[in-house]
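K.L.:
No letters, just coordinates:
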């Protein structure tokens, strides 16, 4: 695998409204054409060219991208088979590199070694994140249940 650049993209404040407007239009189009597996997009600067045909999944991803950018969030697109360095993986999880190394050594996240370096696939990282989020929700639900059983103090 080649090294991947995962720097997030964040729109300046003055462009967020444009992203929000585009998101509303794309979402509306998706809702109106629920059975379409492909969608044609007219590009204004294309002159006499035919419309651009996109798979529905790409348009749905575009809608999600526009929603996040319009809300002022930074966004990165990482292929699921991309191999990340430990620093890139730590940055995506928003943890320190030593903490991530501990997770790798504990077997919480799958990785492989290339020479002396660890490489983590984005899919392994996302699987860990999904499981960790699920565990956190279960603990939060349990705490809520305990709080309800105890009643007001």
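P.N.:
Looks like it arrived, so ask away. These numbers were taken from a predicted model, which means no experiment stands behind them.

K.L.:
per the record, what domains does this protein have?
P.N.:
Domains of the chain are assigned by automatic domain parsing as 13-70, 83-150.

K.L.:
Show me the one of those that comes nearest residue 77.
P.N.:
Among the domains of the chain, the nearest to residue 77 by CB to CB is domain 13-70 (7.6 Å). C-betas here are computed from N, CA, C, even on glycine.

K.L.:
quick one, what contacts residue 125?
P.N.:
Applying CB atoms under 8 Å, 6 or more residues apart in numbering to residue 125 gives the contacts 84, 89, 92, 93, 109.

K.L.:
In terms of model confidence, name the weakest of the residues you listed.
P.N.:
When those are compared on pLDDT, residue 92 comes out lowest, with 87.

K.L.:
what about it, helix or strand, and which?
P.N.:
Element membership of residue 92, judged by DSSP states H and E, is helix 86-93.

K.L.:
Now do the helix or strand following that helix: which elements does it pack against?
P.N.:
Downstream of helix 86-93, the first helix or strand assigned by DSSP H and E is helix 97-105. For helix 97-105, the packing partners by 3 or more CB pairs under 8 Å, 6 or more residues apart in numbering; DSSP states H and E come out as helix 86-93, strand 117-121.

K.L.:
any idea of the mean pLDDT for the very next helix or strand once past helix 97-105?
P.N.:
Per DSSP H and E, the first helix or strand lying C-terminal to helix 97-105 is strand 112-114. Mean per-residue pLDDT for strand 112-114: 95.

K.L.:
tell me which strands and helices strand 112-114 is in contact with?
P.N.:
strand 117-121.

K.L.:
Now the strand it packs on: average pLDDT?
P.N.:
Strand 117-121 carries an average pLDDT of 96.

K.L.:
relative orientation of it and helix 86-93 in degrees?
P.N.:
Using axes from the mean of the first three to the mean of the last three CA atoms, to 10 degrees, the direction of strand 117-121 lies 40 degrees away from that of helix 86-93.

K.L.:
Kindly state the pLDDT recorded for the closest residue in space to residue 10 that isn't next to it in sequence?
P.N.:
Spatial nearest neighbour of residue 10, chain neighbours left out: residue 74 (4.0 Å); criterion: CB to CB, 6 or more residues apart in numbering. We have a pLDDT of 89 for residue 74.

K.L.:
Okay, residue 74 and residue 65: tell me how far apart.
P.N.:
Using CB to CB, to the nearest Å, one gets 11 Å for the distance from residue 74 to residue 65.
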